[in-house]
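S.K.: Just to be clear, the model below is a prediction. Sequence and coordinates:
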Amino acid sequence: MIFGYQLNPAIQMYGWSAIYQTLGQVIFAALIAFIVGLPIGLLAYVVSPTGLRPNRIAHAILSVIVSLGRAIPFIALLVLLLPVTRWVVGTTLGWYAEILPLALGAIPFYARLVENALFAVKPGKVEAALMVGASKSRVAFDVLVRESLPALVAAATVTVTTLTGYSMITGTIGGEGLGALLYNYGYSRYMLDVMIFVVIAAVIIVESFQVIGDAIVRLLDHTH
Amino acid sequence: MITLTNLRKVYHSSDGEVTALDGITLTVPDGVIHGIVGPSGAGKSTLIRCLTALEPPDEGSIVIDDQELVGLRPDDLRRQRRRIGMVFQDVNLLDARTALANVAYPLRVAGKSRREADERARQLLDLVGLGDRAKAYPAHLSGGQRQRVGIARALAGEPSVLLCDEPSSALDWETTRHILELIRQVRDRLGLTVLIITHEMSVVRQVCDSVTLLSHGRIVQSGRVADVIADHGSRLARSLIPLPETPIGVERAQLELSSSTRGASIDTVMRLLLAEGDDVHVQAGTIETIDGERIGRFQVSVIADRRDAVIARLRQGGVYVEVVDETEESDVPWDAADEQEDVR
């Protein structure tokens, strides 16, 4: 009770669990996106015309996957993947069911950011490592990944904050979390206070990810 | 020892072929610091890329210490590369690693334990005078310090050959001097064969024992620095001891004089000039110490109708004399017309 305002029972009942569900959804989807997106981005760079092992066909295939994956509207991906989600997870309802489409949407997104981050590594560093007798696979990790680590973490931060936004959308088709709370109470039942609650919670979550990400980048970045 | 035989490399691009290396044959004996000079587009970068086997030549052979580099299988090539130390113009240190870790990296790649690699890296940092900066990241080192780390890294694999690609071009004059001095010290202590690619004649003057001038992928002039300088009027001799630009008068003829280690010494040249009295004016002069010998070049003007007599007397005294006319080329060993896009 603040200034005579009674906290909306929907917030009281579902507020915390909605936050946990959203966090769970975002963090798991992001982890999958990083684990799968990093090798795809690395591979796309390595087979690019200026990469360590140029391969026109592999590059064309990866480019199509990465571009197409990002071009499909997320809401379409969400609907199109319903049968797949049902097959993999066993249900299309609940916060964990939507991890799959979220991860699939984020994989090409992160892969492209990884590719861009690797392009920023000076080719001379690669040559220097090759000159001391390092193998190409060794150079890929010791030079490409290691030197762009701060950029890779910054890209991960962008990915996870973007995912937070997208996870809200899953609430409209039977997911749980803040998105569902917003849709079911804030929108369908005209509860403005629920809407405001969700917005504030989302802002705090996104900002927290950003602050944590920036701190890690500062820790890793030795260039200044 | 580095032996290059008939090295050829042609680049194919949309607007035709560019011959970057057109039959380079060159031998650099053990323990020598050899400079490769030339304008951009002369083939210097291509030459170093072939030497490091980052790019294969189309023809010819590269032998370093009895080991042919051309046509090696990737595994053997990797092993061979460890025996060649490479110093880059922009150093190319790994920013995510400390100076120590950068120097230790080649040793880690070669399969040494962390302790062993770090210990050796520490010794190398001491050798280049950076023992106290081992824990610093490259971003916190000055340009000269970074290049010192680069040299230490190049020495990590105990190479017999050190390749330096414009090692001082990104550095100021003072730092350049220190870096070149370090390269010389390293050669003296470890008995390395050193190849320095550069566009700066001052680098050749300061450290090189021998020098090759490249132009359009061919060798124009090559030899020991002392011999090259003795070849008065040659492109390298002129550019190693450059004269400032002076206006050429109408009624006075311009002469360029060189002292020589075999003919007239600098003192003799001066004495002969003084003896000519007011007929001869010294307009510019440069004295350089190269290979322990002081060599002087002078530009003088002489009253037109006394010209031939003056020239005769100077030549009799052992002075190298050349008449300068208005169409004379500049003191740079390459003409502006030689300059073309770097082919690489």
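M.R.: Cool, the structure landed.
S.K.: List of residues touching the host helix or strand of residue A:127?
M.R.: Per DSSP states H and E, residue A:127 falls inside helix A:123-131. The contact list for helix A:123-131 (Cβ atoms under 8 Å, 6 or more residues apart in numbering or on different chains) reads A:50, A:52, A:136, A:138-139, A:142-144, A:147, B:52, B:54, B:81, B:84, B:86, B:88, B:90, B:92-94, B:105, B:109, B:153. Where C-beta positions appear, they are placed from N, C-alpha and C, glycine not excepted.
S.K.: Low-confidence ranges, the stretch 1-150 of chain B, go.
M.R.: Under the criterion pLDDT under 70, no range of the stretch 1-150 of chain B is flagged.
S.K.: Which among the contacts of helix A:123-131 count as buried?
M.R.: Listed as buried from the contacts of helix A:123-131 are A:52, A:139, A:142-144, A:147, B:52, B:81, B:84, B:86, B:88, B:90, B:92-94, B:105, B:109, B:153; burial here means 16 or more other Cβ atoms under 10 Å in any protein chain shown.
S.K.: hang on, the earlier thing: how about the helix holding residue A:127: buried residues?
M.R.: A:125-131.
S.K.: try stretch B:39-59
M.R.: B:39-53, B:57.
S.K.: related to what we said a few turns ago, what's the following helix or strand after the helix holding residue A:127?
M.R.: Scanning forward in sequence from helix A:123-131 by DSSP H and E, the next helix or strand is helix A:136-139.
S.K.: and that following helix, does that touch chain B?
M.R.: Yes - interface with chain B: helix A:136-139 contributes residue A:138 (Cβ under 8 Å from any Cβ of the partner chain).
S.K.: what's next to that helix, contact-wise?
M.R.: By Cβ under 8 Å, 6+ apart, helix A:136-139 touches A:46, A:52-53, A:126, A:129-130, B:109.
S.K.: And stretch B:175-194, by the same measure?
M.R.: For stretch B:175-194, contacts defined as Cβ under 8 Å, 6+ apart pick out B:1-2, B:28-34, B:85, B:87, B:127-129, B:142-144, B:147-148, B:151, B:155, B:159-162, B:164, B:167-168, B:171, B:196, B:202-203, B:206-207.
S.K.: All the helices of the chain, residue numbers only.
M.R.: You didn't say which chain, so I picked chain A. Under the criterion DSSP state H, chain A contains helices at A:9-46, A:56-71, A:74-80, A:82-89, A:99-119, A:123-131, A:136-139, A:146-147, A:149-170, A:178-181, A:192-220.
S.K.: that's the wrong chain, I meant chain B
M.R.: Along chain B, the stretches classed as helices by DSSP H are B:44-51, B:74-81, B:99-109, B:114-127, B:143-155, B:173-190, B:201-207, B:225-230, B:235-240, B:266-275, B:307-316.
S.K.: Report the buried residues of the longest one.
M.R.: For helix B:173-190, the buried set under the neighbour-count rule, 16+ other Cβ under 10 Å, comprises B:175-177, B:179-180, B:182-184, B:186-187.
S.K.: Make sure residue B:256 is actually in contact with residue B:301.
M.R.: No - counting by Cβ atoms under 8 Å, residue B:256 does not reach residue B:301; the two are 10.9 Å apart.
S.K.: Tell me how far the residue minimising distance to the centre of chain A lies from chain B.
M.R.: Averaging the C-alpha coordinates of chain A gives a centre point, and the residue nearest to it by Cα atoms, centre = their mean is residue A:159 (3.5 Å). Taking Cβ to the nearest Cβ, to the nearest Å as the measure, residue A:159 falls 21 Å from chain B.
S.K.: same deal with residue A:218?
M.R.: Counting by Cβ to the nearest Cβ - residue A:218 and chain B are separated by 13 Å.
S.K.: Quick check: pLDDT value at that residue.
M.R.: The model reports residue A:218 with a pLDDT of 95.
S.K.: now residue B:258
M.R.: pLDDT, read off for residue B:258, is 87.
S.K.: One more: the one 4 residues further on?
M.R.: Per-residue pLDDT puts residue B:262 at 77.
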